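Visitor: let's see this in three dimensions:
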Amino acid sequence: MPAPRPRVVPARAHDELVEALARLRADLELPGAFPADVEAEALAAAQTVPTDPVIAAVDDLRDIEFVTIDPEGSTDLDQALHLERTDDGAVLHYAIADLPAFVTPGGAMDVEARRRGQTIYAADGRIPLHPAVLSEDAASLLPGRERRAFVWRFVLDDGARPLEKTLRRAVVRSRAQWTYAGAQEAVDAGTAPATLRDLAWFGEQRLEREAERGGASLNVPETRIVADETGYRLEREAPLAVEDWNAQVSLLTGMAAAEIMLAGGVGILRTMPAAEPEDVADFRAKAAALGIPWDDGVPYGEFLRGLDRASPAALAILDAAGGLFRGAGYEAFDGAPPEDPGQAAIAAPYAHATAPLRRLVDRWSLVVCESLANGREVPRWARESLPTLPGIMARSDGVAGRLANATIDRIEAAVLSGRVGEEFEAVVLGRRNDGVRVQLTDPPVAAKIAELDATPGTRVHLRLRSADIATGAVDLVATV
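Guide: Numbers count the residues shown, from 1 in each chain. Below you'll find the predicted structure:
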């Protein structure tokens, strides 16, 4: 077998890929530049919304040493955190960008945001939910800047269980912007500030609480598209530990938001039904056939967390697990709660409430929760428009999903271009109605093969017959 080559799009294929990605944007009718009235309204809000806590009539929390942790190059910073250990637990402050302070309900910016639904991260440039003057500046929790925020305060016990929670609007000032890689390096080296150091404790405790609930964090290696001055490339790696710890802060907050809305009788939840019994039985059978049985009495999440990510059989099990829970959506309610308010993968009711710069629904969640938490009526505009959100988010999620899948297909085809006739090693993941899913070892390309006589979890050799950048179609055939 040839030695592995770089997972980079060859220079000769770059222009063709750029054209394919541009056509994909057009085919999906993705939004372009913001209308002039939207930009003007955003600029006016950026210049007039006060950041003096006295003038804004909000809490002054500028003394709290918040930090942000995001992917490298991020400028739309929704969240900042501060964690302080106590003798019997910790106190967590979690600041979320106060985007509602800048958006007039029914105004030009609000109407355009409802049309977009969410920020879409395309390989050739993101398509923001809000104009950059807000999402990357005035409303973003950038370090060293005074910013408006919704601030959650959690008093935690020694197992990171919330004993008390409050939600207030405030002015904050982040002290530092960390990347995931930089934060992980500092934690590993013992040079991290207290908040990052204590985040390791928090994350591990919350993962234990997740296991007790029966939730599951898959932590599956994923293929990521990296675009920089050198072009496009594919990377496949598992998330860093700090990413999991940071995600647990958002999960805790989302569960707290759901509790507040359910208690108050109004809100919008992120729901997912439990897996059907026959699907669970089928998954158990697949795991047993792959030589890694899921024993009775072992929680689903614990079983997945115990898998060796380097094992081909485990990769096939994780691929099957990804399809076990389906049907995620949003449920708005005003009065009686949803019949099934739970999010099955999290194993608790849950709401999206931590990314208002990038996701439309979070603006409503924050406004509703802050009102309920402080004994006030939910604003009429938020209450009356709640029923429209599930449809908006479903449409937006669909577009984002189609874009992500089609983009990866085209970049994978570009990476393989010029290598027709070469042989690759792959792991068989599983069978779908339209073929067998495989994962190439290197480069990290996933593909479907219409006919392949191989069981999941086995290694096979495949020969590339064609790679069409324009459509993303990759044709592989098993070698004898």
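Visitor: now Glu185, what's its secondary structure?
Guide: For Glu185, the assignment made with DSSP: H, G, I helix; E, B strand; the rest coil gives helix.
Visitor: I should have written Trp152 there, sorry.
Guide: Classified using three-state DSSP, Trp152 is strand.
Visitor: quick one: classify the closest residue to it other than its chain neighbours as helix, strand or coil.
Guide: What sits nearest to Trp152 in space, not counting adjacent residues and going by Cβ to Cβ, 6 or more residues apart in numbering, is Tyr94, at 4.4 Å. For glycine as for every other residue, the C-beta is placed from the backbone atoms N, C-alpha and C. Three-state assignment for Tyr94 (three-state DSSP): strand.
Visitor: now for Tyr94: which residues touch it?
Guide: 79-81, 151-154, 249, 253, 354 (Cβ atoms under 8 Å, 6 or more residues apart in numbering).
Visitor: who does it bridge with?
Guide: Per DSSP bridges, the residues bridged to Tyr94 are Leu81, Trp152.
Visitor: report pLDDT for it.
Guide: If you check Tyr94, the pLDDT there is 98.
Visitor: ok, the most centrally placed residue in the chain - contacts?
Guide: With distances taken as Cα atoms, centre = their mean, Ala247 lies nearest the centre of the chain, 8.7 Å away. By Cβ under 8 Å, 6+ apart, Ala247 lies in contact with Ser217.
Visitor: ok, now how distant is it from Asp295?
Guide: 27 Å (Cβ to Cβ, to the nearest Å).
Visitor: counting neighbours, which of the contacts of Tyr94 comes out on top?
Guide: Counting neighbours by other Cβ atoms under 10 Å, Ala80 leads these with 30 neighbours.
Visitor: next one: the longest strand along the chain to chain centre, how far?
Guide: Ranked by residue count, the top strand of the chain under DSSP state E comes out as strand 162-179. The chain centroid and the centroid of strand 162-179 are separated by 20 Å under Cα atoms, centre = their mean, to the nearest Å.
Visitor: could you do stretch 268-286 as well?
Guide: 21 Å.
Visitor: start at 557, not 1
Guide: In the new numbering, first residue 557, that becomes stretch 824-842.
Visitor: pLDDT averaged over it - what is it?
Guide: 89.
Visitor: alpha carbons only: can I get that stretch in CSV?
Guide: Extracted in CSV, the C-alpha atoms of stretch 824-842 (Å, rounded to 0.1, in the frame of the first residue of the first chain):
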residue,chain,number,x,y,z
ILE,A,824,-39.2,26.2,24.2
LEU,A,825,-37.3,22.9,24.8
ARG,A,826,-34.8,21.0,22.7
THR,A,827,-36.3,17.5,22.7
MET,A,828,-35.4,14.0,21.5
PRO,A,829,-37.5,10.9,22.0
ALA,A,830,-36.1,7.8,23.6
ALA,A,831,-34.9,5.1,21.2
GLU,A,832,-37.5,2.6,20.2
PRO,A,833,-37.1,-0.8,21.9
GLU,A,834,-36.6,-2.6,18.6
ASP,A,835,-33.8,-0.2,17.7
VAL,A,836,-32.1,-0.8,21.1
ALA,A,837,-32.4,-4.5,20.6
ASP,A,838,-30.9,-4.2,17.1
PHE,A,839,-28.0,-2.1,18.5
ARG,A,840,-27.3,-4.7,21.2
ALA,A,841,-27.2,-7.4,18.5
LYS,A,842,-24.8,-5.4,16.4
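Visitor: flag every buried residue along it.
Guide: For stretch 824-842, a neighbour-count test (16 or more other Cβ atoms under 10 Å) marks 824-828, 830-831, 839, 842 as buried.
Visitor: with respect to Glu668, which of those is nearest?
Guide: Proximity of these to Glu668 was ranked by Cβ to Cβ; the top entry is Ile824 with 20.3 Å.
Visitor: where's that closest one, which helix or strand?
Guide: Element membership for Ile824 (DSSP states H and E) is strand 822-827.
Visitor: which ones are touching Ala601?
Guide: 658-660, 665, 690, 694.
Visitor: neighbour-wise, which of those residues leads?
Guide: Going by other Cβ under 10 Å, Met665 tops the contacts of Ala601 with 27 neighbours.
Visitor: could you measure it against Thr779, distance?
Guide: Separation of Met665 from Thr779 (Cβ to Cβ): 34 Å.
Visitor: what ranges of the protein fall below the confidence cut-off?
Guide: 557-563, 774-777, 786, 989, 1036 (pLDDT under 70).
Visitor: hey, where'd the helices end up in it?
Guide: 567-583, 592-604, 609-612, 664-672, 688-689, 736-745, 750-769, 797-820, 833-845, 856-861, 868-878, 916-929, 936-941, 945-972 (DSSP state H).
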